[in-house]
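Student: Provided below for reference: sequence and predicted model.
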Amino acid sequence: MNDPYVIIVGSGVAALQLARQLQDAFHVMIITKEDRRKSNSFKAQGGIAAAIAKKDNINSHVKDTLEAGCYHQQPEAVRSLISDGKRIIQRLIQEGAPFDRNEDGSLSLGMEGAHSRNRILHCGGDQTGKILMKYLLENLSGNVHFVEGEMVYELIKNNEGRCIGVKTRNTKEETKHYYAPYVVLATGGIGGLYSSTSNDSTITGDGVAMAFLAGAKLTDMEFVQFHPTLLFVKSHTKGLISEAVRGEGAQLVNDRNDRVMETHPLKELAPRHLVAQKIFEERQKGREVFLSISNIADFETKFPSITKLCLDNDISIKDGKIPVAPGCHFMMGGILINDVGATTVEGLYAIGETAASGVHGANRLASNSLLEGLVYGERLACFIKNSPYERVPTIVKQDDCFFGVKEIPFTLEEFKSLMMRNVGIIRSESSLNIHWNWLQSKQLSLVENLGSMKRIDIQKYFMWVIGMCITTSALLRTESRGGHIRSDYPDQDLAFFKKKINIERIENEIRGEICEQIETEIYA
Ligand code: SIN
């Protein structure tokens, strides 16, 4: 292939949307550490929210998004996400994207938590991600080249501090360097840092860690969303039971048949963080929690993926009860970007869950994430197409030395279970300090030579870096808001309203700063 003009790291919906919008004009390289189907987008059961029903409108979708996000957003950014999203979805419908329809041919629009209207588009019931991603993949041309099985582990910057390329490591531990004027991170979130997660196992915050190490600002890292309902079998979570199941009327009950969400006016459709917190507290009291689904007609037809997931784990749908527990689902924070995806490092862009676009606030509204990927993928494509054509000077390619290999001194299991216990659904100063001290005890620094590590150790090192960033932010926000719940500060604090915690690397230190308002000093 010709040298790429744009390198995209990651292969989820934001990456494919960007590639598809650029492919007529430029060569695009998509680099993914396993294969192109290993992404959270591919696994998405819940659908895409868009205010396209006659009785719906953009204002109502904006209001629901702001409310779920605890108003920790810039309202204009939310409005443009919702209105651009609606336009993009309408175009996908016109193009023939396979959204589910009712018997009369109209679009079937589902309900999910904290939405005030039925506005969720699905494909194949609960197979939205898989079907949408297949559709997007099938529509890519030969101008889009996939590099699979290579893990990007470092961003290459030139002497002026501009990002000009990436270094990768394949499964044989061989290193390659790729160069392009635009480097885009679309590596998804951080679910793989926690022992309970709905995320694909490959999703470990690589893009966020690399951007941070390269000097990019992060923000909102304390806001981590836990999905209330993951299938829970033999003390382990096994995969997502979509919120759409509650949208169809499933109720949350404990093993005494008490309704868990009885006291909330929205019952099972209350905002996600509240439902997750309630289930967590119930389980802390020693109670098991179930989704009672006996009132849902044709469950198997409506939810084929969930039915299969249950059967694979010996849970019979016919019993009418699915055991559930919360797990890490979505990162609201990430790499600070502007409205087109530019980060604070020139030449480096971020889109999708990797990026902190600010639209989700302290807690993302259900089914707004595929929407964000579609919107920011398109926006960045427009920006690149309208920017002057430029090429970065080629640099002599040098392979990293691989002597004196450094091993990271913890196991993945140990790391994930400590994140879950100390920086999980409910945090406190003492749990966060325990975690901070544990991370420090590993005697790692921010200037490690990644070239001297094996792929598995680079992976663990990235997790360590993100662990530091989340713990730093979570300690600084001494209040509870959205996905950040502190047992020692259980209420929202007006003093933190609209304040951001930015995280930055200064030499070998992590600096966390409480900022008055959203940063605007971003390269464009
Ligand atoms: C779900 O299906 O419950 C997840 C949807 C989402 O996170 O937007």
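Tutor: Done, it's in. Numbering: from 1, shown residues only.
Student: Surely Ser80 and Ser357 touch.
Tutor: No. Here Ser80 lies out of contact with Ser357, judged by C-beta atoms under 8 Å, at a distance of 10.3 Å. For every residue, glycine as well, the C-beta is placed using N, CA and C.
Student: and for the two, which residues touch both?
Tutor: By C-beta atoms under 8 Å, 6 or more residues apart in numbering, Ser80 and Ser357 have these common neighbours: Asp339.
Student: Give me the neighbour count for His145.
Tutor: Neighbour count for His145, taken as other C-beta atoms under 10 Å: 15.
Student: Which element, helix or strand, includes it?
Tutor: Using DSSP states H and E, His145 sits within strand 144-148.
Student: likewise Tyr178?
Tutor: strand 175-179.
Student: Do me a favour and average the pLDDT over the next helix or strand along the chain from that strand.
Tutor: Downstream of strand 175-179, the next assigned helix or strand under DSSP H and E is strand 182-185. Averaging pLDDT along strand 182-185 gives 98.
Student: what's strand 182-185 packed up against?
Tutor: strand 6-9, strand 163-169, helix 206-213, strand 348-350 (3 or more C-beta pairs under 8 Å, 6 or more residues apart in numbering; DSSP states H and E).
Student: With distance to the ligand, mean neighbour count and mean pLDDT as extra columns, can I get these in CSV?
Tutor: Formatted as CSV, these follow (distance: least, C-beta to the nearest ligand atom, whole Å; neighbours: other C-beta atoms under 10 Å; pLDDT from 0 to 100):
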stretch, distance to the ligand, mean neighbour count, mean pLDDT
strand 6-9, 22, 27, 98
strand 163-169, 29, 24, 96
helix 206-213, 19, 27, 98
strand 348-350, 20, 29, 98
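Student: Of all the ones you listed, which one is nearest Gln74?
Tutor: Judged by C-beta to C-beta, the one of the helices and strands packed on strand 182-185 that comes nearest to Gln74 is strand 348-350, at 17.3 Å.
Student: Show me what that closest one is packed up against.
Tutor: Packed against strand 348-350 by the contact rule (3+ C-beta pairs under 8 Å, 6+ apart) you find strand 182-185, helix 206-213.
Student: Follow the chain on from that strand and name the next helix or strand.
Tutor: strand 355-356.
Student: what pLDDT, on average, does that following strand get?
Tutor: 98.
Student: I figured Gly47 was touching Ser369, is that so?
Tutor: No. Between Gly47 and Ser369 there is no contact under C-beta under 8 Å: 10.5 Å.
Student: for the helices and strands packed on strand 348-350, which one sits closest to Arg364?
Tutor: helix 206-213 (16.1 Å).
Student: contact partners of that closest one?
Tutor: 9-10, 33, 151-155, 185-188, 190, 218, 331, 334-335, 343, 345, 348, 350, 354, 446, 459, 461-463, 465-466, 469, 503-505.
Student: re the thing from before, can you give me how far the strand holding His145 is from the chain middle?
Tutor: 22 Å (C-alpha atoms, centre = their mean, to the nearest Å).
Student: angle of that strand against strand 175-179?
Tutor: Counting by axes from the mean of the first three to the mean of the last three C-alpha atoms, to 10 degrees, strand 144-148 lies at 160 degrees to strand 175-179.
Student: Averaged pLDDT, the helix or strand that comes right after strand 144-148. What do you get?
Tutor: Going down the chain from strand 144-148, the next helix or strand is strand 151-157, by DSSP H and E. The average of the pLDDT scores along strand 151-157 is 97.
Student: How about stretch 268-284?
Tutor: If you average the pLDDT over stretch 268-284, you get 94.
Student: quick revisit: closest to Ser106 out of the helices and strands packed on strand 182-185?
Tutor: Going by C-beta to C-beta, the one of these nearest Ser106 is strand 6-9, 35.4 Å.
Student: That closest one - which strands sit beside it in the sheet, and in what orientation?
Tutor: Partner strands and pairing direction for strand 6-9 (DSSP bridges) are strand 28-32 (parallel), strand 182-185 (parallel).
Student: returning to what we had before: more neighbours: which of Ser80 and Ser357?
Tutor: Neighbours of Ser80 and Ser357, each counted by other C-beta under 10 Å, are more numerous for Ser357; the result is 27 against 16.
Student: Tell me, what's the model's pLDDT at the residue of the chain found nearest the ligand?
Tutor: Minimum separation of the chain from the ligand (C-beta to the nearest ligand atom) falls at Gly46, amounting to 2.5 Å. Note for Gly46: predicted pLDDT of 84.
Student: Just say helix, strand or coil for it.
Tutor: coil (DSSP: H, G, I helix; E, B strand; the rest coil).
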